[in-house]
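S.K.: just coords:
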C-alpha cells in the first residue's frame, strides 16, 4: 500500500493563528481525505481533497475554517485557520488507491491550541 | 443514535486468549466493512477489509459480517501483548472513494 507522510507530526499553537498540515504520498492516488480525531472520540471526515477542483466538505466543516489544496496526485494540504482550543485534535490524511480499495492513513498531526 | 456503535472498553485479557470485538450499525446500505488497529500516537492501520456478508481470515485475525443483523465482529486468536491497541471498526457505502463511518474504538490490553 501507499506510504503516507504527514508534517508536522505535532504542534502547539496560539489561539487565533493558522497552521498548514502537509500530506505526501509516495505514489499517485485518485482520492485523498482529511479526518479529525478529537480527544477520546473516533474519526470524522472533514473533506475530500479533489485534484484540480475544490474540496468537498462534510456537514459542519467549512472552507473558510479548513481550506484544502490538492495541487497534484501525490500531495495535499489542510489549513486550520483562526484556531481556538476546540480545534485541539489529531488531523489525519488518508488515501484510496482504487475505487474498491480501502483507505490507508498517515500517522496524523497532533495539534494543541493554547 | 450513532450510525455505528462500538463498546469503547477497555477490554483486558490474558496472553493467549481469544478476543472478540464487535460493532453494530443502523444503515443497511453499508457494503464495505473494515477493521483498523491504532497504536498510541500512530495512525489507524488497516487489518481487515471485507465486502458484504461472510467471513474473512488473515493469520490470527478473522472478520465476520452479518448484514441481516447489521453486526460485524473481529476475532483475534492467541492474543499477544503486541495486540494491545485501540481497534476501530469502519464502514462505507461503496468502497474506498467514499467517506468512512467509524465506531468509537475499543481499547484492548493483553497482559502477559
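M.R.: Sure thing, it's come through. All figures in this text were calculated on a predicted structure; none of them were measured in a lab.

S.K.: ok, and the closest non-adjacent residue to residue A:56?
M.R.: Leaving aside its sequence neighbours, residue A:56 sits nearest to residue A:48 (C-beta to C-beta, 6 or more residues apart in numbering or on different chains; 4.5 Å). Bear in mind the C-beta positions are built from the backbone N, C-alpha and C, glycine included.

S.K.: Could you pull up the residues touching the most centrally placed residue in chain A?
M.R.: Nearest to the mean C-alpha position of chain A, by C-alpha atoms, centre = their mean, lies residue A:34 at 3.4 Å. Going by C-beta atoms under 8 Å, 6 or more residues apart in numbering or on different chains, residue A:34 touches A:23, A:45-47, A:49, A:66, A:68, A:76, A:78, A:91-94.

S.K.: quick check: mean pLDDT across whichever strand or helix holds the residue nearest to residue A:56?
M.R.: Following DSSP states H and E, one finds residue A:48 within strand A:43-49. Summarised as a single mean, pLDDT over strand A:43-49 is 96.

S.K.: Distance from the helix or strand immediately after it in the chain to the middle of the chain?
M.R.: Where DSSP H and E defines the elements, the next helix or strand beyond strand A:43-49 is strand A:56-57. Distance of strand A:56-57 from its chain centroid, counting by C-alpha atoms, centre = their mean, to the nearest Å, is 12 Å.

S.K.: Output the contacting helices and strands for strand A:56-57.
M.R.: Packing contacts for strand A:56-57, counted by 3 or more C-beta pairs under 8 Å, 6 or more residues apart in numbering or on different chains; DSSP states H and E, involve strand A:43-49.

S.K.: The strand it packs on: partners in the sheet, and parallel or antiparallel?
M.R.: Here strand A:43-49 is paired, per DSSP bridges, with strand A:31-37 (antiparallel), strand A:56-57 (antiparallel).

S.K.: Determine which of those approaches residue B:5 most closely.
M.R.: Ranking the strands paired with strand A:43-49 by proximity to residue B:5 (C-beta to C-beta) places strand A:31-37 first, at 17.9 Å.

S.K.: Quickly list what the residue nearest to the centre of chain A is bridged to.
M.R.: When assigned by DSSP bridges, residue A:34 has beta-bridge partners residue A:47, residue A:93.
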